[in-house]
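**Student:** based on what follows, work out the 3D shape:
(2 chains)
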Amino acid sequence: MTKVVVAMSGGVDSSMAAIILKQQGYDVVGMMLRLWSEAGKEDSNRCCTPDAVALARRVAARLDIPFYVVDAKEIFRSTVVNYFLEEYLQGATPNPCLICNRTIRWKFLLEHALAMGADYMATGHYVRLRSILEQKSSQQAEDRKIQLLRAIDRSKDQSYVLHILSQEQLGKALFPVGDFQKDKIRKMAEDEGLPTASRPDSQDLCFLAGEDYRKFIERNAPESLKPGDIVNRDGSILGQHQGLSFYTIGQRKGLGLASAQPLYVLAKQIETNRLIVGLEDELGQNELTVENVHWIAGKPPDSICRVEVKIRYSAREAWAEISQLEGGNIRVRFDQPQRDITVGQSAVFFDGDVVLGGGRIVANDCV
Amino acid sequence: MEETIYLDYAATTPLDERVLQSMLPFLNHIFGNPSSIHQFGQKAENAIEVARETVAGVLKCRPDEIIFTSCGSESDNLALRGVCFAMREKMNKNQILTSLAEHHAVSRTAGQMAELFGFDVEWLGVDEFGMVSPQTIARGINNKTALVSIMMANNEIGTINPISEISEICHKQGVLLHTDAVQAAAYLPMDVDVLGVDLLSLGGHKFYGPKGVGVLYVRKGTPIFPIQTGGGQEFGLRAGTQNVPYIVGFAEALRLTEMEREMRTTHVKPMQDRIIGSVLENIPDSKLTGHLEHRLPNHCSFVFKGVDGNLLLTLLDSAGFACSSGSACKTGNPEPSEVMNLLQLPSEWGLGSLRITLGKATTIDEVEKFLANLPMLVSKARNLK
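**Tutor:** Numbering: from 1, shown residues only, chains lettered A, B, ... in the order given. Have a look, this model is predicted:
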């Protein structure tokens, strides 16, 4: 019998993933990660509060599957949380969920699952997989590639956070809910009488436990909070900021500036510790560069190509042309200027339903 | 589940079929309230009194020294709270002497007695095998000592304490001694006069009886208050309508345990020797925890360097072996237990504990299967760290 470990969170999606796989006849095992919380806030990590663990345990009991909690506190802190603070120290805006998926869920937990004899690991992510044979002169086994596809339910698509997965990881992955509309999954969960059916979707970063990230930074990386000047494009000083980490690109509120027209954060200058602001029409940018590019197929597309690009998890896709720079970086040229291009976030490339890959947006020379 | 091999008899045991049969009439047609005047009640009451005599026969005590409770933890609570409050009230004594290696049912109760009720608790250390020495008891007793509470055998590491020697010291100084014998009762004789204890706790499910029933032995004349008041059942020490079928089951299970003690010991002991020898020989960086000789005959416990014990249990369960790390912790939150902390282990060892406990259904084939898999699983757990 094919054995699948389902990474459970107590939420509706991973619970339904387990149910669907069980119905399909897999030998299902539930596992849950215990992630890190700040000292004094133990058990407040929203992905693994005692409530969430109890819920997942109940779901597993209902399904009559084994359930185990795996401790990942230390590795989560040393990778995900460190990366999060490091990026802020560099004036960037991180997306820790990417790192968590790459190093914790789809590496650390996957290794545990495989050590337990699992053939696959599944999560409740809304994405799909497709196995293809690449057209090559010789039909070798290694020509089989796995594509990551956007979810049927585009409004719930989570391929952005999984674009960092390798062929090896995808070869061990199952995403049973990606073929369904979220409403359908909720309905199925209600029909199953799942205790988790009415829980709200998770939104915030788990280790912030519902708190504003600024407070977390104040406590854990106070050195990133050097006050400095707020300037316009001409370099005129308009006011003082409290530390670059407190601001995001495109932010309007909370700048504390008196101005006839609303001002927006355009950029952060780390070397000078200056926050550059301007008018709304100065926000857009036509181009960006990404580094540390990961291609799901294992290599970049053959030529310059037109793709859709997502510049943050919640952003709309935008059409662009991508081209290869020396050293593997990618230049992205949008059809229309894009607002809120943010250093540290990932730009992810799509060819229709297919996720090609993506990389980290670097400081832009246009500003 | 069917193919999983159960090696966690210290956590709990399955109900003996003979015990189940003894209970069935009282779950069914003999349903009366033991306190009732009518014949329904009389039948139920008779069943309890027969059970009490059976238990008294095993403990070599009087039937009216046997108090039925809901579990071993309740028995510990009744012993500590009941005796300490009475001793303070009647004799103005307010010190509790206990060890750092006790089960939480004793240690947390003593802790609360100190925090909320103004008792002094003297926490006694243990040696590297987890054993309490009679000398430390002698040094800890003073003229305020209300009660000494020392477990007979440790649940996590299987070490047996010298209860008879400890009781001798207590009695020389006129101090009462309670022992938590919950873990010990499946294999050690429970003669309260040989042990010399004044109070002794038992839990039914550790020796093939039902869960949800326990006993506290209270030597005649011991000052003790009830901690649960009401209808005056159990000689006024434990109010509440008695759980007749479970009490009957408890007595039958204890009777069988006494009767088959030697046979059960002879059954598990060679397998214990085999496990301890094989693990220490075949797994690098492994240590036995607890005492090599003064330990329960069904109990094997180890630590492995650089292993997360919970992870090892997960791997073992997946491979079809149900074991324990010594203290039940399902949260995936790796903290060494208090007992592990007492054993003076180097820091990379404290989390890697594993407890294998055998029972009457364990076979040598199961043990060999386990031993054939364990080294590979320990090394997997080490690699995943």
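**Student:** tell me the mean pLDDT for stretch B:324-343?
**Tutor:** Mean per-residue pLDDT for stretch B:324-343: 73.
**Student:** mind checking the end-to-end distance for that stretch?
**Tutor:** Using Cα to Cα, to the nearest Å, one end of stretch B:324-343 lies 18 Å from the other.
**Student:** give me the three-state assignment for A:Asn13.
**Tutor:** I think there's a mix-up here, since residue A:13 is Asp and not Asn. For A:Asp13, the assignment made with DSSP: H, G, I helix; E, B strand; the rest coil gives helix.
**Student:** ok, A:Val4 next?
**Tutor:** strand.
**Student:** ok, now which ones touch it?
**Tutor:** Residues in contact with A:Val4 (Cβ atoms under 8 Å, 6 or more residues apart in numbering or on different chains) are A:Leu21, A:Tyr26, A:Asp27, A:Val28, A:Val29, A:Ala118, A:Asp119, A:Tyr120, A:Met121, A:Ala122, A:Leu174. Every residue, glycine included, has its C-beta placed from N, CA and C.
**Student:** contacts only, for the third one.
**Tutor:** Shown in contact with A:Asp27 (Cβ under 8 Å, 6+ apart): A:Met1, A:Thr2, A:Lys3, A:Val4.
**Student:** most neighbours among the residues you listed, which one?
**Tutor:** When neighbours are taken as other Cβ atoms under 10 Å in any protein chain shown, the top entry among the contacts of A:Asp27 is A:Val4 (24 neighbours).
**Student:** and that residue, how far is that from chain B?
**Tutor:** 13 Å (Cβ to the nearest Cβ, to the nearest Å).
**Student:** would you map the helices across the stretch 1-150 of chain B?
**Tutor:** Along the stretch 1-150 of chain B, counting by DSSP state H, counting those that start in this stretch, helices occupy B:17-27, B:39-59, B:72-77, B:83-91, B:104-117, B:134-140.
**Student:** which one, of those, ends up nearest to chain A?
**Tutor:** Chain A lies closest, by Cβ to the nearest Cβ, to one member of those: helix B:104-117, at 18.4 Å.
**Student:** just the ones in strands from the contacts of A:Val4, please.
**Tutor:** Counting by DSSP state E, the part of the contacts of A:Val4 found in strands is A:Asp27, A:Val28, A:Val29, A:Tyr120, A:Met121, A:Ala122, A:Leu174.
**Student:** which SSE is A:Gln261 in?
**Tutor:** Take DSSP states H and E as the rule and A:Gln261 turns out to sit in neither a helix nor a strand.
**Student:** please parse chain B into its domains.
**Tutor:** The record assigns chain B these domain ranges, following automatic domain parsing: B:5-12+B:261-384, B:17-257.
**Student:** measure the residue in the stretch 101-250 of chain A positioned nearest to chain B to A:Lys187 for me?
**Tutor:** Distances between the stretch 101-250 of chain A and chain B by Cβ to the nearest Cβ are smallest at A:Met116, namely 4.0 Å. Noted for A:Met116: a distance of 32 Å to A:Lys187, by Cβ to Cβ, to the nearest Å.
**Student:** excluding chain neighbours, what is closest to the residue of the stretch 101-250 of chain A closest to chain B?
**Tutor:** The shortest distance from A:Met116 to any non-neighbouring residue, by Cβ to Cβ, 6 or more residues apart in numbering or on different chains, is to B:Ser318 (4.0 Å).
**Student:** for the contacts of A:Asp27, work out which two are farthest apart.
**Tutor:** Spatial extent of the contacts of A:Asp27 (Cβ to Cβ) is set by the pair A:Met1 and A:Val4 at 9.8 Å.
**Student:** picking up where we left off before, can you tell me which residues contact the residue of the stretch 101-250 of chain A closest to chain B?
**Tutor:** By Cβ under 8 Å, 6+ apart, the neighbours of A:Met116 are A:Lys3, A:Val5, A:Val29, B:Thr314, B:Leu315, B:Ser318.
**Student:** contact partners of the helix or strand bottoming out on mean pLDDT in chain B?
**Tutor:** Here the helix or strand of chain B ranked lowest by mean pLDDT, DSSP states H and E is helix B:338-342, holding a mean of 87. Here helix B:338-342 makes contact (Cβ under 8 Å, 6+ apart) with B:100-101, B:107, B:125-126, B:130, B:154, B:156-157, B:289, B:303, B:326-327, B:350-351, B:353.
**Student:** need the contact list for the closest residue to B:Glu49 other than its chain neighbours.
**Tutor:** Closest residue to B:Glu49 apart from its sequence neighbours, by Cβ to Cβ, 6+ apart: B:Pro63 at 7.1 Å. Applying Cβ under 8 Å, 6+ apart, we find B:Pro63 in contact with B:Glu49, B:Arg52, B:Glu53, B:Val55, B:Ala56.
**Student:** what about 10 Å?
**Tutor:** By Cβ atoms under 10 Å, 6 or more residues apart in numbering or on different chains, the contact set of B:Pro63 is B:Glu49, B:Val50, B:Ala51, B:Arg52, B:Glu53, B:Thr54, B:Val55, B:Ala56, B:Gly57.
**Student:** quick one, strands of chain B?
**Tutor:** B:5-6, B:66-69, B:95-99, B:120-124, B:145-149, B:177-180, B:199-203, B:214-218, B:286-288, B:299-304, B:321-322, B:353-357.
**Student:** how about the helices of chain A, start to end?
**Tutor:** A:12-23, A:50-63, A:73-76, A:82-89, A:96-99, A:110-115, A:159-162, A:167-170, A:182-191, A:213-220 (DSSP state H).
**Student:** just the CA atoms of the last one, as PDB, please.
**Tutor:** Pointing back at helix A:213-220 there. Extracted as PDB, the C-alpha positions of helix A:213-220 are listed here (Å, rounded to 0.1, in the frame of the first residue of the first chain):
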ATOM      1  CA  TYR A 213       5.600  42.500  12.700                       C
ATOM      2  CA  ARG A 214       7.100  45.800  13.800                       C
ATOM      3  CA  LYS A 215       6.800  44.900  17.500                       C
ATOM      4  CA  PHE A 216       8.600  41.600  16.800                       C
ATOM      5  CA  ILE A 217      11.400  43.500  15.100                       C
ATOM      6  CA  GLU A 218      11.600  46.000  17.900                       C
ATOM      7  CA  ARG A 219      12.300  43.100  20.300                       C
ATOM      8  CA  ASN A 220      14.400  40.900  18.100                       C
END
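**Student:** could you give the angle of it to helix A:82-89?
**Tutor:** Interaxial angle, helix A:213-220 versus helix A:82-89 (axes from the mean of the first three to the mean of the last three Cα atoms, to 10 degrees): 100 degrees.
**Student:** other SSEs contacting helix A:213-220?
**Tutor:** helix A:82-89 (3 or more Cβ pairs under 10 Å, 6 or more residues apart in numbering or on different chains; DSSP states H and E).
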